[in-house]
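> Here is a sequence together with a model predicted from it:
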Amino acid sequence: MKKWFLLISYIFFLSQQITKGQQVINPQNIATQLNDFLQMANRFYQFNGSAIISYRGTILLNKGYGFKNIAGNEMNDSGTIFQIGSVTKEFTSTIILLLKEQGRLSLQDKLSDYFPGYPNGDKITIRQLLTHTSGIYNYTSDLERKDSAIICHPVSKERIVQQFINQPLDFTPGTKYNYSNSGYFLLGMIIEKVTGKPWEENVREHILTPLGMRHTGFDFNGLESADKAQGYQFFNEEHQHPDISWDSTVSYAAGSVYSTTKDMLTWARAVTDKKILSADSWKEALTVNQHGYGYGWEIDTVYGSKAIGHNGGIPGFSSEMLLIPDQDLKIIVLTNVHENTVVTPISRILAAISLGKPYSGFKPKDTVFIQPEALAQYVGSYRQDKDHVVDVLIKNGKLYIEAISNRLPLTRLYPDKSGGFFVANITLEIELRFIKNKTGKVTKLIAIQNGKEYEWKKFG
């Protein structure tokens, strides 16, 4: 009896492990590492949002970090609703391929078949719209925050089409790649012409409802939910600047979907399980054309395995879906910050942690407090050569570095236990040391990046 108990206990223990080749990975340990990394990223204002990671059927982490709405002291959690921006294109391309399967359109159909008189419409195919090879001008290139009086309110499709219809083609259709939201806006309109139903209704009927994605929708501005996140343009210790919010009629089939991490994991599983579409259609959608792009999917190689997904950015929000099918790894990163956010590098690091792979970039460090008056000795300008100059300054009792001419924004320098400083950036590991002369005056700044040292001499 005891032997059977021990055997059953051992089998249970093995069931709690995730095995990769000869390596046995404990999900709880990996979950702790994932959480520690995201907590660190949030602490240094590199991540404010929610993330979910599923590995071989086990959800390793589903958690929120930072503020959903700082004014209301509300925190992000696993149920927070975010805009996902261009990840929307995955849904639009899926509906197009579904209509192709039904024989209701062909990817070789011309744009002029649906929009007679469209300039060069007889030279542009649906396939080229899907793959960003149509050459059609990207209408969002002209939309800025100063246009909020227009873009934050409902507009007609015709109004948006006028933003690009008369622009010259960027290149001969099919010859090059240039990311174009205009192409996906037109795909949404084609879906409506073929089905006689709104694009949104098609997505809901064929994807959201069958998969049970109950917290996913389109009209974010009109959404009334306590789970809805406030979007921020910037979010750091100095600035928490709420962003404008585009109306869904502006982003439409190119970027109007909102969702949660759990709903997006449901969608990710449908993709890898080849639901909604046939296996042949999924193969076609996930085949590289130009610039590592399929049909609404970015295709890459991560840690030696094929990776598929998409990222998204829209005022107030950034998102990333990263799927590594042969490892059964699914990562969804959603944030309510647009400018100072790095969702793609974060998703890659989360993949590295999940797979037990080494990764480069910023590692956790312990900070120490230095009195503002003691920081004054470091203030000044430092030159590496005539083209590279940085300024070190104090703001609100903290030390910062900035190089306007070299596009280095105001960046916090954190003092560490070794007596030096570091830059908190997920994609970089940069240490800085100020060098003094015999009289104790700071004369140099040594920057250490990837083991290499760069000397900057103080001149002001």
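That came through, no problem. Numbers count the residues shown, from 1 in each chain.

> Can you give me the domain assignment for the protein?
Here the domain parsing of the chain from automatic domain parsing is 82-355, 372-458.

> looking at those, which one has the lowest mean pLDDT?
The weakest mean pLDDT among the domains of the chain belongs to domain 372-458, with a mean of 90.

> Which strand residues bridge Ser381?
Applying DSSP bridges to Ser381 yields these beta-bridge partners: Asp391.

> what's the answer for Glu429, then?
Ala424.

> I figured it hits Asn450, correct?
Yes: counting by Cβ atoms under 8 Å, Glu429 touches Asn450, with 7.1 Å between them. Glycine gets a C-beta too; all of them are placed from N, C-alpha and C.

> how far away is the closest residue to Ile151 other than its chain neighbours from Arg214?
Of all residues not flanking Ile151 in the chain, Val250 sits nearest, at 4.8 Å (Cβ to Cβ, 6 or more residues apart in numbering). Going from Val250 to Arg214 by Cβ to Cβ, to the nearest Å gives 25 Å.

> Likewise for Ile426?
According to Cβ to Cβ, Ile426 stands 32 Å off from Arg214.

> Out of these two, name the residue with the larger neighbour count.
Ile426 (21 against 12; other Cβ atoms under 10 Å).

> what residues are up against that one?
If you count contacts by Cβ atoms under 8 Å, 6 or more residues apart in numbering, Ile426 has them with 41, 46-47, 342, 345-346, 349, 361-362.

> Inside strands: which ones of these?
Nothing among the contacts of Ile426 maps onto strands, per DSSP state E.

> Neighbour count for the residues you listed - can I get that in CSV?
Below are the contacts of Ile426 laid out as CSV (neighbours: other Cβ atoms under 10 Å):
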residue, neighbour count
Ala41, 26
Gln46, 22
Phe47, 27
Val342, 20
Pro345, 19
Ile346, 26
Ile349, 23
Gly361, 15
Phe362, 21
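
> could these be laid out in a markdown table, adding distance to Asn311?
Listed next are the contacts of Ile426 as a markdown table, based on distance: Cβ to Cβ, whole Å:
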| residue | distance to Asn311 |
| --- | --- |
| Ala41 | 17 |
| Gln46 | 16 |
| Phe47 | 14 |
| Val342 | 10 |
| Pro345 | 11 |
| Ile346 | 11 |
| Ile349 | 15 |
| Gly361 | 18 |
| Phe362 | 20 |
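
> May I ask which two of those residues are separated the most?
Phe47 and Gly361 (12.8 Å; Cβ to Cβ).

> picking up where we left off before, tally of neighbours for the residue nearest to Ile151?
Neighbours of Val250 (other Cβ under 10 Å): 25.

> Roughly how far does it sit from Glu74?
26 Å.

> re the thing from before, who touches both of Glu429 and Asn450?
Ser360.

> show me what contacts the residue nearest to Trp456 when sequence neighbours are not counted?
Nearest residue to Trp456, sequence neighbours excluded (Cβ to Cβ, 6+ apart): Tyr382, at 3.7 Å. Contact analysis of Tyr382 by Cβ under 8 Å, 6+ apart lists 389-392, 444-445, 456-459.

> wait, which of these is closest to Glu205?
Val390 (55.2 Å).

> which non-adjacent residue is nearest that closest one?
Distances taken as Cβ to Cβ, 6+ apart put Ala403 closest to Val390, at 4.4 Å, once the chain neighbours are dropped.

> residues touching that neighbour, list them.
Applying Cβ under 8 Å, 6+ apart, the residues near Ala403 are 388-391.

> just to revisit the earlier point, verify the stated contact: the residue nearest to Ile151 with Leu143.
Yes: assessed by Cβ under 8 Å, Val250 is found in contact with Leu143 at 7.4 Å.

> which residues do the two both contact?
Ile151.

> Let me know the closest of the contacts of Tyr382 to Val271.
For the contacts of Tyr382, the nearest to Val271 is Val390 (44.7 Å; Cβ to Cβ).
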